[in-house]
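A.B. asks: Sharing a model that was predicted from the sequence below.
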Amino acid sequence: MKNRDIEAAWKYHDGTKHSYWSVRSSTHFLDWGNRPLPFKIYPTIEGIALARDVPQTGVAVLAAISERVPLASGDAVPDLRDLARILFFSAGITKQRKYPGGEIYFRAAACTGALYEIELYVVTGDLNGLDAGVYHFNPADVSVRLLRKGDFRGNLTQATAMEPAVARAPATIVCTGTYWRNAWKYAARTYRHFGWDNGTLLANMLAVAGASGLPAEVVLGFVDVEVNRLLDLDTRREVSLCLVPIGSTSESSLPAPREAPALGLETIRLSKREMEFPVMLEMHAASSLASEDEVAQWREAGKQFVVPSSVPGGEEVPLPPPREEEKPKDTIEQVILRRGSTRTFDSTASISLAQLSTILDRATRGLPADFLEPGTQLRLNDIYLIAHSVQGLAPGAYFFRREGKTLELLKHGDFRAVAGRLGLEQQLPADACVDVFFLADLNRILERYGNRGYRAAQLEAGAIGGKMYLAAYALRLGASGLTFFDDEVVEFFSPHAKDKSAIFLLAMGKPLKRKSR
Ligand SMILES: Cc1cc2nc3c(=O)[nH]c(=O)nc-3n(C[C@H](O)[C@H](O)[C@H](O)COP(=O)(O)O)c2cc1C
């Protein structure tokens, strides 16, 4: 079983670390003339337009990101309008901006380099407004395209070894990652970005599905070749990353799996030339699950993964519970439409401890996923912070103790310059009010879950980071995901973070208001 040969994940992780020297010695450059298309286009298939004016849920954003519709709450069947809402607010185009070489179509969720390598597909039974089939979602014309006609949900149920949420879902969204679209800029680090960018998108998807009254969760346990074949993917270019069953039905007569022959559907080339990065193909193959038995083991691993409770070693600052009048009333849809990564933070501004507390609390109340025990909070990642300017919190480095909802002081000091350096020598983390670092004990994760645990750790961080983005914008603050010098991050938070690995970074603060001339 390749998944158990965890040297593969270490090889990929260690081989794609950023350091001061790796960044300076990289020969990779941006070939603007060869910039990949931001959309997957099937030129021979007619699109089925989705309504662009579906009613919004009106659910308050903090509730949407932190509360969950239980699976057992009875029949909850999406119709086409629900699907349109979920797809649009996860991956739809929310803004567009011209630049000298063309136009950038910004999407609902943050994504490294605005390259949008995550594609969405829907595998559905008959719904009100949409016939059973396998569809691809194209945000460019807000439409879905039928790739296979008929009910193929049985194939997903089989591929997930009868995962209950998939078996009961009227429709399942499959998220895929397209290597080249992101690797054009980020080369082999793209495999990490698959988790980050899929994660931020999932934060939106889970929130909007829940706000629509539909249970939804993240399923990483599936036989890869089966799902890839169903979507007719060219797996040297694009691979399935996770499944999100949407809704639930008590209907027990699941369709049997059907033949899913290769379709060889034509798609428009992304670039004149594409480069392959073998380390990513190797990492993917080594973290693939080959049989239903392996899928069952994967789910079992989630039940057995025990998070050691941390023993506070330093002074602890309690996080205040948010006051009712401070709760933002904005809806999940309003906040998704408003969100956009902050490009310059105001280094003279501060946020309150209550705001930081609200963000940490709401974002870490749990991610419904097959690799986590239900109801558990953040699991695979630990949260470390550098606070620069949080009222009521001395500047310094902290560890978020989720059990006690406290911040444990690791060291006092003004670390703005250090944070700028850790965040790949960028100004954003130096000017922010607080930088949130996700670190994971990859030794324990890989030992328990195999290589696929690496996918899960990146994805969990991206999804929690995505929730933090939404919570920050709900509070009228700004945020930006960031990349980092891996080993320097771990060193900075050590000895507390000794033996952990840097996974994800999010800076939060107040956007600098440009003075009007
Ligand atoms: C995981 C992640 C890492 C990012 N890293 C950086 C970064 O290092 N520097 C930066 O300026 N922006 C970074 N961004 C912000 C993206 O450039 C931004 O999300 C993208 O351009 C889309 O714009 P939007 O977030 O405003 O919709 C990152 C975003 C994410 C989600």
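C.D. replies: Yep, that arrived. Numbering: from 1, shown residues only.
A.B. asks: what about residue 310, is that helix, strand or coil?
C.D. replies: Following DSSP: H, G, I helix; E, B strand; the rest coil, we place residue 310 in the coil state.
A.B. asks: And residue 465, by the same measure?
C.D. replies: Relying on three-state DSSP, one would call residue 465 helix.
A.B. asks: how about the spatially closest residue to it that is not a sequence neighbour, what does it touch?
C.D. replies: Leaving out its chain neighbours, the residue that sits closest to residue 465 by CB to CB, 6 or more residues apart in numbering is residue 506, at 4.8 Å. In this view, the C-beta of every residue, glycine as well, is placed from N, C-alpha and C. Going by CB atoms under 8 Å, 6 or more residues apart in numbering, residue 506 touches 435-436, 465, 468-469, 479-482.
A.B. asks: same question, residue 223
C.D. replies: Residues near residue 223 by CB under 8 Å, 6+ apart: 159-161, 289-292, 294-295.
A.B. asks: Buried among these? Need that as a selection in ChimeraX.
C.D. replies: In ChimeraX syntax, the buried subset of those is picked out as below (16 or more other CB atoms under 10 Å):
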select :159,160,161,289,292,294,295
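A.B. asks: Which two of the contacts of residue 223 have the greatest separation?
C.D. replies: 160 and 290 (13.8 Å; CB to CB).
A.B. asks: picking that back up, from the ligand, how far off is the residue nearest to residue 465?
C.D. replies: From residue 506 across to the ligand, the span is 8 Å (CB to the nearest ligand atom, to the nearest Å).
A.B. asks: Three-state assignment for that residue, please.
C.D. replies: Using three-state DSSP, the structure places residue 506 in strand.
A.B. asks: What pLDDT is listed against it?
C.D. replies: Residue 506 is assigned 98 on the pLDDT scale.
A.B. asks: and what of residue 516?
C.D. replies: 50.
A.B. asks: Same question for residue 314.
C.D. replies: For residue 314, pLDDT reads 84.
A.B. asks: Next up, the contacts around it.
C.D. replies: When the contact criterion is CB under 8 Å, 6+ apart, the partners of residue 314 are 408-410.
A.B. asks: so which of these comes closest to the ligand?
C.D. replies: The ligand lies nearest to residue 410 out of the contacts of residue 314, by CB to the nearest ligand atom, at 23.6 Å.
A.B. asks: what's the burial count for that closest one?
C.D. replies: 21 (other CB atoms under 10 Å).
A.B. asks: which residue packs closest to it, ignoring adjacent ones?
C.D. replies: The shortest distance from residue 410 to any residue other than its chain neighbours is 4.3 Å, reached at residue 397 (CB to CB, 6+ apart).
A.B. asks: related to what we said a few turns ago, between all of the contacts of residue 506, which two are separated the most?
C.D. replies: 435 and 469 (13.8 Å).
A.B. asks: Within range of the ligand, give me the residues from this protein.
C.D. replies: By CB under 6 Å from any ligand atom, the part of the chain that sits against the ligand consists of 106, 110-114, 196, 200, 340-341, 424, 426, 428, 480-483.
A.B. asks: Near the closest residue to residue 396 other than its chain neighbours, how many other residues are there?
C.D. replies: In space, and not counting its chain neighbours, residue 396 is closest to residue 412: 4.2 Å by CB to CB, 6+ apart. Applying other CB under 10 Å, we find 11 other residues in the vicinity of residue 412.
A.B. asks: mind checking how far residue 412 is from the ligand?
C.D. replies: Residue 412 is 27 Å from the ligand, by CB to the nearest ligand atom.
A.B. asks: go on, residue 142?
C.D. replies: 17 Å.
A.B. asks: Does that residue touch residue 91 like I think?
C.D. replies: No - in this structure, residue 142 is not within contact of residue 91 by CB atoms under 8 Å, at 10.4 Å.
A.B. asks: ok, those two, which is more surrounded?
C.D. replies: More neighbours surround residue 91 than the other of residue 142 and residue 91, with 24 against 17 (other CB under 10 Å).
A.B. asks: just for this protein, where's the confidence low?
C.D. replies: 71-73, 251-253, 325, 375-378, 515-517 (pLDDT under 70).
A.B. asks: which residues sit in contact with residue 474?
C.D. replies: 61-62, 328, 330, 335.
A.B. asks: Out of those residues, the closest to residue 39 would be?
C.D. replies: For those, the nearest to residue 39 is residue 335 (24.7 Å; CB to CB).
A.B. asks: Do I have it right that the closest one meets residue 467?
C.D. replies: No - between residue 335 and residue 467 there is no contact under CB under 8 Å: 11.2 Å.
A.B. asks: quick one: contacts for the residue of the stretch 151-300 of the chain found nearest the ligand?
C.D. replies: Closest to the ligand within the stretch 151-300 of the chain is residue 196: 3.8 Å, counting by CB to the nearest ligand atom. Residue 196 is in contact with 112, 458, 461-462, 465, 481, 504, counting by CB under 8 Å, 6+ apart.
A.B. asks: Just the closest of those to the ligand, please.
C.D. replies: Using CB to the nearest ligand atom, the contacts of residue 196 come closest to the ligand at residue 481, 2.5 Å.
A.B. asks: Look up the residues forming beta bridges with the closest one.
C.D. replies: Note on residue 481: beta-bridge partners residue 506, judged by DSSP bridges.
A.B. asks: burial of it, as a residue count?
C.D. replies: Using other CB under 10 Å, residue 481 has 24 neighbouring residues.
A.B. asks: got it, and residue 458?
C.D. replies: Residue 458 has 27 neighbours, counted by other CB under 10 Å.
A.B. asks: Now it: closest residue in space that isn't a chain neighbour?
C.D. replies: residue 195 (2.4 Å).
A.B. asks: The one you found reaches residue 461, doesn't it?
C.D. replies: Yes - shown here, residue 195 and residue 461 form a contact pair, counting by CB under 8 Å, at 7.1 Å.
A.B. asks: Which residue, other than its chain neighbours, is closest to residue 411?
C.D. replies: Nearest one to residue 411, counting by CB to CB, 6+ apart, is residue 397 at 5.0 Å.
A.B. asks: Over to residue 357?
C.D. replies: That would be residue 319: by CB to CB, 6+ apart, it lies 3.8 Å from residue 357.
A.B. asks: Which helix or strand contains the residue nearest to residue 458?
C.D. replies: helix 190-211 (DSSP states H and E).
A.B. asks: Report the next helix or strand after that helix in sequence order.
C.D. replies: helix 224-230.
A.B. asks: Identify the residues contacting that following helix?
C.D. replies: By CB under 8 Å, 6+ apart, helix 224-230 touches 123, 134, 148, 152, 155-156, 158-159, 174, 235, 239-240, 243, 260, 262, 288-290.
A.B. asks: chain center to that helix: distance?
C.D. replies: Relative to the centre of its chain, helix 224-230 is centred 21 Å away, using CA atoms, centre = their mean, to the nearest Å.
A.B. asks: quick one: the helices in the stretch 101-250 of the chain?
C.D. replies: Along the stretch 101-250 of the chain, counting by DSSP state H, counting those that start in this stretch, helices occupy 153-159, 164-167, 179-186, 190-211, 224-230.
A.B. asks: between those helices, which gets nearest to residue 280?
C.D. replies: So among those, helix 190-211 is nearest, using CB to CB, at 4.5 Å.
A.B. asks: And for the residue nearest to residue 458, the neighbour number?
C.D. replies: 23.
A.B. asks: rewinding a little: looking at the contacts of residue 314, which are in strands?
C.D. replies: 408-410 (DSSP state E).
A.B. asks: before we move on, back to that, what are the neighbouring residues in contact with the residue nearest to residue 458?
C.D. replies: Neighbouring residues of residue 195 by CB under 8 Å, 6+ apart: 241, 455, 457-459, 461-462.
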